[in-house]
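>>> have a look at this prediction, sequence included:
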Amino acid sequence: MIKIHHLNNSRSHRVLWLLEELGVKYQLIKYQRDKITNLAPKELKEVHSLGKSPVLQNNDETIIESGAIVTYIIDQYADETFYPKFTDGDYYQYLQLMHYAEGSAIAPFILQLYMRFLGNNSEPLQPRIKSEIKKHLSYLANTLGSNDYFFRNQFSGVDIMLSFVIEAGKISGTLIPFPNLEALLKRYQNRVSYKKAIEVGGDYLLGK
Ligand SMILES: N[C@@H](CCC(=O)N[C@@H](CS)C(=O)NCC(=O)O)C(=O)O
């Protein structure tokens, strides 16, 4: 059975959400962030040297990076209507959005998070960070347009991956100019599988 090493209030929520969505059975191993540093406990380093979550283990395999984990789960367990085939014309559109989430899109949000350690000294960088966040949320809002979901207008791994960026937008107050993304976030949060992932994984403050 798949094992998921899950850190509270983290990207790992998406992995539980996907497993719940697909009805895959898994073993959950929970870790709590340090209350002061917000870092993962040292026990996670025994699972993988980076000490970050999520981590998936199955048989002899240990996989990190939520994009790779989501792809692994889809490849192993999803019905073929859930993802494009390599030979489909829009396959690379799918791949691009899957990588975009943890590649370009989340970067300015993470930078913003670290900037708070600098207090007022971060001010010279703030306009650039804010304009980058706006650029990525605008791109996502335009990509979604009037559709309900990002790829083929059907719920997919792309939604699972991009949800973290939209949630980061929500908590940073930068989602307000993008009503279609706000509505999409509500659609995600209303899914039974999303709620179940919170039930099993613990409270998830992102996106609230
Ligand atoms: N790009 C990686 C990021 C992994 C990551 O940074 N995870 C965070 C949780 S959201 C973490 O484990 N933080 C605790 C720490 O760094 O100690 C992924 O998508 O899995």
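Received the coordinates, thanks.
>>> ok, now which ones touch the closest residue to residue 39 other than its chain neighbours?
Leaving out its chain neighbours, the residue that sits closest to residue 39 by Cβ to Cβ, 6 or more residues apart in numbering is residue 33, at 6.6 Å. Every C-beta, even on glycine, is put in place using the N, C-alpha and C of the backbone. Residue 33 is in contact with 7-10, 39-41, counting by Cβ atoms under 8 Å, 6 or more residues apart in numbering.
>>> make sure residue 33 is indeed in a strand.
No - with DSSP: H, G, I helix; E, B strand; the rest coil as the criterion, residue 33 is coil rather than part of a strand.
>>> show me where this structure has its strands.
2-7, 26-31, 55-58, 61-64 (DSSP state E).
>>> any of the contacts of residue 33 buried? List them.
7-8, 10, 40 (16 or more other Cβ atoms under 10 Å).
>>> okay if I get those residues as a markdown table plus pLDDT and distance to the ligand?
Formatted as a markdown table, these follow (pLDDT from 0 to 100; distance: Cβ to the nearest ligand atom, whole Å):
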| residue | pLDDT | distance to the ligand |
| --- | --- | --- |
| 7 | 97 | 5 |
| 8 | 95 | 9 |
| 10 | 95 | 4 |
| 40 | 96 | 4 |
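>>> hmm, which two among these are most spread apart?
Farthest-apart pair in these is 8 and 40; separation 9.5 Å (Cβ to Cβ).
>>> quickly list what's touching both of those two.
Here residue 8 and residue 40 have 31, 33 as joint contacts, going by Cβ under 8 Å, 6+ apart.
>>> hmm, back to that, looking at the strands of the chain, which one is packed in the most?
Comparing the strands of the chain by mean neighbour count (mean count of other Cβ atoms under 10 Å), strand 2-7 ranks first with a mean of 22.
>>> which neighbours does it have in its sheet, and in what orientation?
Here strand 2-7 has these sheet partners by DSSP bridges: strand 26-31 (parallel), strand 55-58 (antiparallel).
>>> give me the contacts around that strand.
12, 15-16, 19, 24-33, 40, 44, 47-48, 52-58, 73, 201.
>>> kindly provide the distance from the most centrally placed residue in the chain to the ligand.
The centre of the chain sits closest to residue 164, judged by Cα atoms, centre = their mean, with a distance of 3.7 Å. Per Cβ to the nearest ligand atom, to the nearest Å, residue 164 is found 8 Å from the ligand.
>>> the worst-scoring helix or strand of the chain on mean pLDDT packs against which elements?
In the chain, no helix or strand scores lower on mean pLDDT, DSSP states H and E than helix 107-115, which sits at a mean of 94. Packing partners of helix 107-115 (3 or more Cβ pairs under 8 Å, 6 or more residues apart in numbering; DSSP states H and E): helix 126-144, helix 157-171.
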